[in-house]
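Chemist: A structural model of the following input is requested.
(one chain, ligands or ions: 1)
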Amino acid sequence: MEPKIHNGALNAKGLRFAIVESRWNELLTSRLASGAVDALERLGAGEADVEIFKVPGSFEIPLAAKRIAETGRFDAVICLGVVIRGETPHFDFVAGEAAGGISQAALSTGVPVVFGVVTADTVEQATNRCGVKSGNKGYEAAMAAVEIANLLKAVGEDDSVGVTARQHAV
Ligand code: INI
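Modeler: This next block holds a predicted model:
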């Protein structure tokens, strides 16, 4: 048996993307945003097809992402933030709510909402994950957004899904 394998293409041409960027730890989140824009540009997205929405902190990302996804204007929403563990439990609340809320925004809207929030123990660790040339989580999140956006389009368009369903019905 050789099951058909579906992959989302790494091609952003003609797709529209929203980036939700947290201003908390802005020196680092701005690097994540640059990485994300760089990835989208390299994969063929047009300048007019990428918009950035800034929020105060990572805790505010999920609501903004959900509202943006609900507009139907974007093929994917890319969420960027940096949460660094302090000496209070605040880290766990902020990081946990961001992760859960981002996932929830995707599931409730059906629009890909991807997680590009760096969670780190130290500033050094966080800095390493917001690299200028490599190791940039914003870049990786944008790649994932393009791939999943194309995969979901393929699910809707693929005839073989219908053929299998008909064969089942007979
Ligand atoms: N927000 C972050 O994005 N990163 C952090 O490290 C952080 N810390 O450490 O507190 C943080 N807090 C702010 C939070 O996201 C909200 O903006 C704030 O609580 C208002 O709702």
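Chemist: make it CA atoms for all contacts and neighbour counts henceforth
Modeler: OK.
Chemist: let's check: the centremost residue of the protein is which one?
Modeler: Nearest to the geometric centre of the chain sits residue 114, at 2.4 Å (CA atoms, centre = their mean).
Chemist: now do the SS call for it.
Modeler: strand (DSSP: H, G, I helix; E, B strand; the rest coil).
Chemist: residue 51 now?
Modeler: Note that with three-state DSSP, the state of residue 51 is strand.
Chemist: repeat that for residue 153.
Modeler: At residue 153, secondary structure determined by three-state DSSP is helix.
Chemist: which of the residues in stretch 106-123 are buried?
Modeler: Judged by neighbour count using 16 or more other CA atoms under 10 Å, the buried positions of stretch 106-123 are 106, 109, 111, 112, 113, 114, 115, 116, 117, 118, 119, 120.
Chemist: can you tell me if that stretch touches the ligand.
Modeler: No: under the criterion of CA under 6 Å from any ligand atom, stretch 106-123 makes no contact with the ligand; the nearest approach is 8.2 Å.
Chemist: ends of that stretch, how far apart?
Modeler: 29 Å (CA to CA, to the nearest Å).
Chemist: who touches that stretch?
Modeler: In this structure, residues lying in contact with stretch 106-123 by CA atoms under 8 Å, 6 or more residues apart in numbering are 58, 65-66, 69-70, 75-86, 95, 99, 102-103, 105, 126, 129, 137-138, 140-142, 144-145, 148-149.
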